[in-house]
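In: Here is my input, please return the structure:
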Amino acid sequence: MLENIRQKCIYKSYYDSNDLNKVDNKLVYWDYMTSFYTTCMNVFPTRFNNICSEEVMRRISINVTEINTCIVKSFNLCKISL
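Out: Numbers count the residues shown, from 1 in each chain. As a prediction, the model looks like this:
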């Protein structure tokens, strides 16, 4: 579940963003998806965890702090809506 939220936050921050300062926004999202799969999931043993995810984000210049903040906010929104 956490990885799904992370991917949603990356999508919102990069793919769905109109921020012109983020170069090649749409490619960043797909780069993450591809790199996460090949680096963290398609290996044995799998490295499906936060450490691997953050390594991939840093490698492709995704702002890890921004994405982690989005994840925390997502959980806070869930608490409010309950």
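
In: As a check, name the ranges of all helices in this protein.
Out: Using DSSP state H, the helices assigned to the chain run over residues 2-10, 25-36, 50-59, 64-81.

In: With residue 42 as the reference, name the closest of these.
Out: Relative to residue 42, the nearest member of the helices of the chain by Cβ to Cβ is helix 25-36, separated by 9.5 Å. (Glycine included, C-beta is placed from N, CA and C.)

In: In TSV, list the helices of the chain along with mean neighbour count, mean pLDDT and distance to residue 44.
Out: As requested, the helices of the chain are exported to TSV (neighbours: other Cβ atoms under 10 Å; pLDDT from 0 to 100; distance: least, Cβ to Cβ, whole Å):
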stretch	mean neighbour count	mean pLDDT	distance to residue 44
helix 2-10	17	94	18
helix 25-36	17	90	16
helix 50-59	16	96	13
helix 64-81	12	81	26
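
In: Residue 43 is nearest to which of these?
Out: With respect to residue 43, and counting by Cβ to Cβ, the nearest of the helices of the chain is helix 50-59 at 9.2 Å.

In: Next, the residues that contact the closest one from outside, please.
Out: Residues external to helix 50-59 that are found in contact with it (Cβ atoms under 8 Å, 6 or more residues apart in numbering): 2, 3, 6, 10, 32, 35, 36, 39, 40, 63, 64, 67.
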